[in-house]
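Asker: take a look and give me a structure for this.
(2 chains)
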Amino acid sequence: DTTVKQNPRYKLARVGKPVNLICSQTMNHDTMYWYQKKPNQAPKLLLFYYDKILNREADTFEKFQSSRPNNSFCSLYIGSAGLEYSAMYLCASRLTGWGQDTQYFGPGTRLLVL
Amino acid sequence: QQKVQQSPESLTVSEGAMASLNCTFSDGTSNNFRWYRQHSAKGLEVLVSIFSDGEKEEGRFTAHLNRANLHVSLHIREPQPSDSAVYLCAVTGGSNAKLTFGKGTKLSVKS
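Answerer: All right, here's what the predicted structure looks like:
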């Protein structure tokens, strides 16, 4: 089973309000990723956890937070949503190791900020 | 920094005709290359992964990699209307298997 789950599937948020998105996987993958995808743009890596170590991309460092309370769950947190955060957010997971670099994606959460 | 370009931006083919999508990248030392598919409002589905120059087939999907030309393509044999989706090329590199994506090709298959 290579299922990655995301909740909620759709989220409506108000400008200035916080947003928390959830991702889970039961494959015991050690690495979990969050991507942002806007229409007609390439998915953009926001951050990833390797085990308990969080790595955030430099250009989105201050905009997104994340937590990983255990191996199976990973959240993406926006402290104060702006209109520019409207996008599809994709979670992926991977098991590191030789020949094991396929990232498996969840169905995504579509966030609309008004 | 790896740059990935896909062409065409959109493609319409008739059911049963071959569909060909292209992807160019800037760094030929990248580890491997993948094609993903995204149906509307759904997540990404990996179609085929290719690591070495040449051809890799997964069912009706065939990827061709030419590192010297910095090019990887995807060919879809006998496409069906259910294959209508956005196809994303992804290049993997670095110790954390960081993916760099292209913007995608929107494929429409007409019956």
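Asker: put the alpha carbons of the worst-scoring helix or strand of chain B on mean pLDDT into CSV.
Answerer: The least trusted helix or strand in chain B, going by mean pLDDT, DSSP states H and E, turns out to be strand B:98-101, with a mean of 89. Output for strand B:98-101, consisting of C-alpha atoms alone and laid out as CSV, is shown next (Å, rounded to 0.1, in the frame of the first residue of the first chain):
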residue,chain,number,x,y,z
LYS,B,98,14.8,16.8,-4.1
LEU,B,99,12.4,16.9,-7.0
THR,B,100,12.4,19.7,-9.6
PHE,B,101,9.3,19.8,-11.7
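Asker: past it, which element shows up next along the chain?
Answerer: Scanning forward in sequence from strand B:98-101 by DSSP states H and E, the next helix or strand is strand B:105-110.
Asker: partner strands of that following strand and their direction?
Answerer: strand B:10-14 (parallel), strand B:85-93 (antiparallel) (DSSP bridges).
Asker: can you pull the buried residues of the first one?
Answerer: Think strand B:10-14. B:11, B:13 (16 or more other C-beta atoms under 10 Å in any protein chain shown). For glycine as for every other residue, the C-beta is placed from the backbone atoms N, C-alpha and C.
Asker: show residues contacting whichever helix or strand comes after that strand.
Answerer: Read in the C-terminal direction, the helix or strand following strand B:10-14 is strand B:19-25, with elements assigned using DSSP H and E. By C-beta atoms under 8 Å, 6 or more residues apart in numbering or on different chains, the surrounding residues in contact with strand B:19-25 are B:2-8, B:11, B:13, B:33, B:35, B:70-76, B:79, B:83, B:87, B:89, B:91, B:100, B:102, B:105, B:107, B:109.
Asker: which one, of the strands paired with strand B:105-110, ends up nearest to residue A:34?
Answerer: When the strands paired with strand B:105-110 are compared by C-beta to C-beta, strand B:85-93 sits nearest residue A:34, at 15.6 Å.
Asker: what's in contact with the closest one?
Answerer: A:42-43, A:101, B:2, B:4, B:6, B:21, B:23, B:25, B:27, B:29-40, B:44, B:47, B:72, B:74, B:98-102, B:104-107.
Asker: same deal with stretch B:37-46?
Answerer: With C-beta under 8 Å, 6+ apart, stretch B:37-46 has contacts from A:4, A:6, A:43, A:90, A:92, A:102-108, A:110, B:34-36, B:47, B:83-88, B:104.
Asker: residue ranges with poor pLDDT in the chain?
Answerer: All of this is about chain A. With pLDDT under 70 as the threshold, chain A has low-confidence stretches at A:1-2, A:98-100.
Asker: wrong one, I was asking about chain B
Answerer: For chain B, the stretches with pLDDT under 70 are B:41, B:94-96.
Asker: close to chain B: what parts of chain A are there?
Answerer: A:4, A:6, A:31, A:33, A:40-43, A:45, A:48, A:50, A:55, A:90, A:92, A:94, A:96, A:101-108, A:110 (C-beta under 8 Å from any C-beta of the partner chain).
Asker: tell me which residue is most central in chain A.
Answerer: Per C-alpha atoms, centre = their mean, the C-alpha nearest to the average position across chain A is that of residue A:34, at 2.7 Å.
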